[in-house]
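Visitor: Sequence unavailable; structure follows:
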């Protein structure tokens, strides 16, 4: 499924904190590390019309979704990365540069909503799909290529 998402660059401090289940300082939070802020890139609280307009902008898009808010997005992404820390550590330690890891993490609760192409019926989103790119970007050896809520 192709979907609009976000680009997130996690600093080594952030990823290490997430992988070890430790806190990061406010200055190291996802929203404070991104150009223009995570809310702008993520579209954490987009209107129904904005979500539906994505279908006109991208004819291949099957579903369009948004997180409930920025805090929910940061929380579920952090939990998904922590839960998958062994896979991430393995990929990072194996020198697999240029590879990707796709994580689908069931959040256990509603984390957002979205629409299917051709429908205006809201769909509850209870999982997150995250794609981690093991390629250098902005001085970091890896980054989250995209993350978005899924049904």
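Guide: Received, thanks. Quantities reported herein were computed from a predicted structural model and do not represent experimental measurements.

Visitor: When you work out contacts or count neighbours from here on, use the C-alpha atoms and nothing else.
Guide: Noted.

Visitor: Next secondary structure after the lowest-mean-pLDDT helix or strand in the chain?
Guide: None of the helices or strands of the chain scores lower by mean pLDDT, DSSP states H and E than helix 38-42, at a mean of 40. Per DSSP states H and E, the first helix or strand lying C-terminal to helix 38-42 is helix 48-57.

Visitor: who does the helix or strand that that following helix is followed by touch, helix- and strand-wise?
Guide: Next along the chain after helix 48-57, taking DSSP H and E as the criterion, comes strand 63-67. With contacts taken as 3 or more CA pairs under 8 Å, 6 or more residues apart in numbering; DSSP states H and E, strand 63-67 sits against helix 48-57, strand 112-116, strand 143-150.

Visitor: Of all these, which one comes closest to residue 100?
Guide: Checking the helices and strands packed on strand 63-67 against residue 100 by CA to CA gives strand 143-150 as the closest, at 9.0 Å.

Visitor: which parts of stretch 109-119 are buried?
Guide: Across stretch 109-119, burial judged by 16 or more other CA atoms under 10 Å covers 110, 111, 112, 113, 114, 115, 116, 117.

Visitor: neighbouring contacts of stretch 113-122?
Guide: The contact list for stretch 113-122 (CA atoms under 8 Å, 6 or more residues apart in numbering) reads 51-52, 55, 61-68, 123-125, 149.

Visitor: rerun that using 6 Å as the cut-off
Guide: 62, 63, 64, 65, 66, 123, 124, 125 (CA atoms under 6 Å, 6 or more residues apart in numbering).

Visitor: Out of those residues, who's the most crowded?
Guide: Tallying neighbours with other CA atoms under 10 Å puts residue 65 at the head of the contacts of stretch 113-122, with 30 neighbours.

Visitor: Grab the nearest non-local neighbour of that one.
Guide: Spatial nearest neighbour of residue 65, excluding adjacent residues (CA to CA, 6 or more residues apart in numbering): residue 114 at 3.8 Å.

Visitor: Look up which residues are beta-bridged to that neighbour.
Guide: Counting by DSSP bridges, residue 114 forms beta bridges with residue 65, residue 123.

Visitor: Can you tell me how far it is from residue 54?
Guide: Remark: distance between residue 114 and residue 54 (CA to CA, to the nearest Å) = 11 Å.
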